[in-house]
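*Asks:* predicted model and sequence below, questions to follow.
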Amino acid sequence: MVVPANGGDEKPYEIPFFDFGAAGEEEITTADGGARWRDLCDKVRQACETHGCFCFTTEKVPAKLREGMAEGLRHLFDLPVETKERHVSPKPYRSYLGKNDAVPYLERSRLLLPSCGPKATLLSASQ
């Protein structure tokens, strides 16, 4: 996907695009992730650091895996607020962010996933 910057006056830049299904189910579901999965994690991290965003597709990610992730997120957000608030980090926006008065229907949490190699991957989830 190409997005023009500043109304098209500047050179367009490309937003990184990832196919999360390309790593393969067996790589995604192993305890430490496979080489292709760790490579994808690194590329996603780099995209977040350099572009601040990325596009992705999950069409090839098995439905069972997508459903399992959705179920896990439901369990996360169903935990009592006191439990979620115990997940804290000294770094800003790296833990349970909770609800706020400005957007009362939004609840967010971020988790570090160390299974993506030496650098942990930040997973952000909102409800």
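*Replies:* Received the coordinates, thanks.
*Asks:* ramachandran angles for Gly98?
*Replies:* Main-chain dihedrals, Gly98, degrees, to the nearest 10: phi 60, psi -170.
*Asks:* who's in contact with it?
*Replies:* Residues in contact with Gly98 (Cβ atoms under 8 Å, 6 or more residues apart in numbering) are Val81, Lys84, Glu85, Glu107, Arg108. (Each C-beta comes from the backbone N, C-alpha and C, glycine too.)
*Asks:* swap in 7 Å and give it another go.
*Replies:* By Cβ atoms under 7 Å, 6 or more residues apart in numbering, the residues touching Gly98 are Glu107.
*Asks:* what about Lys60, how many neighbours?
*Replies:* For Lys60, the neighbour count with other Cβ atoms under 10 Å is 12.
*Asks:* over to Tyr105?
*Replies:* Neighbours of Tyr105 (other Cβ under 10 Å): 6.
*Asks:* next: the one 4 residues further on.
*Replies:* The number of residues packed near Ser109 is 19, by other Cβ under 10 Å.
*Asks:* which strand residues bridge it?
*Replies:* Ala125 (DSSP bridges).
*Asks:* quick check: it touching Lys84?
*Replies:* Yes - using Cβ atoms under 7 Å, Ser109 is in contact with Lys84, at 6.5 Å.
*Asks:* now for these two: what residues contact both?
*Replies:* The contact lists of Ser109 and Lys84 share Tyr96, where a contact means Cβ under 7 Å, 6+ apart.
*Asks:* give me the below-cutoff pLDDT ranges for the chain.
*Replies:* Across the chain, the ranges flagged by pLDDT under 70 are 1-13, 22-33, 58, 61, 93-94, 110-127.
*Asks:* can you show me the helices along this protein?
*Replies:* 25-28, 35-50, 63-78, 81-85 (DSSP state H).
*Asks:* all good on my end, thank you.
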